[in-house]
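Undergrad: for reference, the sequence and a predicted model appear below.
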Amino acid sequence: MSVQFNPQLSSLFHALGDTTRLLILDELRKRDEQTLFELCARLFDEHSVTISRQGITRHLNTLEEAGLIATAWRGRTKIHSLVTAPIATAINPWVELFSQGDAK
């Protein structure tokens with residue numbers, strides 16, 4: 001079995017390649033459906049991350065483009081939720097390949 005190239009992998013690994021974005025994903029894993037304000041507060045309180053709301057928004061946009069978060073509007077409030085399917089889709093073929101002993 002060989003792993004087929006997936007063009008979305010590049011954006012997925014780019015999104016996962018930043019510490020702040022990993023912290024955002026971890027905070028959404030702990031408690032899903034958070035606003036930008038809540039995420040900024042949790043990043044500061046839990047991890048001492050001191051970047052602007054605009055900076056966090058750019059990270060959230062990268063995560064959304066990679067399919068790792070979904071957003072929904074509740075009135076004028078944007079809610080962010082974790083989506084784990086892209087990680088499983090990217091990782092499972094590699095795990096299967098290595099578990100079969102075909103890796104060299």
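TA: Yep, that arrived. Numbering: from 1, shown residues only.

Undergrad: what about the residue nearest the centre of the chain, distance to residue 8?
TA: Residue closest to the average C-alpha location in the chain (CA atoms, centre = their mean): residue 68, at 4.0 Å. Counting by CB to CB, to the nearest Å, the gap from residue 68 to residue 8 is 11 Å. Every residue, glycine included, has its C-beta placed from N, CA and C.

Undergrad: overlap of the contact sets of those two?
TA: Residues touching both residue 68 and residue 8 (CB atoms under 8 Å, 6 or more residues apart in numbering): residue 86.

Undergrad: about what we covered before: quick one, what contacts the residue nearest to the centre of the chain?
TA: Counted by CB under 8 Å, 6+ apart, residue 68 has contacts 12, 15, 16, 25, 82, 83, 86, 87.

Undergrad: can you flag the buried ones in those?
TA: Among the contacts of residue 68, those scoring as buried are 12, 15, 16, 25, 82, 83, 86, 87 (criterion: 16 or more other CB atoms under 10 Å).

Undergrad: what about those, which are in helices?
TA: 12, 15, 16, 25, 86, 87 (DSSP state H).

Undergrad: all helices of the protein, in order?
TA: 8-16, 19-30, 36-47, 53-65, 85-99.

Undergrad: those helices into TSV, with extra columns for mean pLDDT and distance to residue 74?
TA: Putting these into TSV (pLDDT from 0 to 100; distance: least, CB to CB, whole Å) gives the following:
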stretch	mean pLDDT	distance to residue 74
helix 8-16	84	24
helix 19-30	97	16
helix 36-47	97	13
helix 53-65	97	16
helix 85-99	78	23
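
Undergrad: what lies in contact with stretch 73-89?
TA: Counting by CB under 8 Å, 6+ apart, 6, 8, 12, 16, 25, 28-29, 32-36, 39, 60, 66-72 sit against stretch 73-89.
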